[in-house]
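Engineer: Got a predicted model here, sequence first, then my questions.
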Amino acid sequence: MGKTIESILYKGNVDKSLRVSYVFKLELEGKFASVSESADGSKITTYPSYMIILSSINLNTRFIIGSTKYFTFVTMLEKTIKLIQENLFVLFPNVGKEEFDMEDSALGRFQKEKALTSCDITMIPTLYTDGSGGCSPGINVSLNKKDSSITISLEDAIAINQMFKTFDPNMYGFNILSQLIRL
């Protein structure tokens, strides 16, 4: 029998319902045990047992990044933000104006030439709409094989990226594990 611990790491600034959660699953037995001990008891091994969940309550969307794809996701997010910032006025010529829209031909070129795809994760620029008619630059993150995606405002993506620069999911999980062992 396992235990699941969820920590909210980030709440959205633009999308107030956006959450970035760290979910740690403690399994002590079975094929996916978080901790194992050698037969003679001389060695204890811990395994990554976490996932990051991006969710938006407004759209009832959940996007899950497992421990095996975490570092790819973080690297791609940083690179995508940089590319969008460098091409902001080409992709979004009306940024900051009331009639905000995205340049479709620039998006097409960006998708063919600069879109990032790795480990079945794809990130492309898109329009983020807040539900009340407001639009701003955004990033669409999708898992190709699972037909799962989430759109994050560029402003929230920048904040999430900054958080991930100082966040170590393995150490965070190890700290959770050490606290649970004390209990």
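Structural biologist: Thanks, I have the structure now. Numbers count the residues shown, from 1 in each chain.
Engineer: which residues of this structure score low on pLDDT?
Structural biologist: Regions of the chain meeting the criterion pLDDT under 70 cover residues 1, 58-59, 97-99, 181-183.
Engineer: Quick check: the residue nearest to the spatial centre of it vs residue 93, distance?
Structural biologist: For the chain, the residue whose C-alpha lies nearest the mean C-alpha position (CA atoms, centre = their mean) is residue 54; its distance is 5.5 Å. With distances defined as CB to CB, to the nearest Å, the gap from residue 54 to residue 93 amounts to 28 Å. No exception for glycine: its C-beta is placed from N, CA and C like everyone else's.
Engineer: Same check on residue 48?
Structural biologist: 43 Å.
Engineer: excluding its backbone neighbours, what's nearest the residue nearest to the centre of the chain?
Structural biologist: Nearest in space to residue 54, with sequence neighbours left out and distances taken as CB to CB, 6 or more residues apart in numbering, is residue 63 at 4.4 Å.
Engineer: can you pull the contacts of the one you found?
Structural biologist: By CB atoms under 8 Å, 6 or more residues apart in numbering, the contact set of residue 63 is 53-55, 141, 143, 148-150.
Engineer: can you give me phi and psi for residue 35?
Structural biologist: Per-residue torsions, residue 35: phi -140, psi 140 (degrees, to the nearest 10).
Engineer: How about it: which residues does it bridge to?
Structural biologist: Residue 35 forms beta bridges with residue 46, as assigned by DSSP bridges.
Engineer: neighbours around it, how many?
Structural biologist: By other CB atoms under 10 Å, 15 other residues sit near residue 35.
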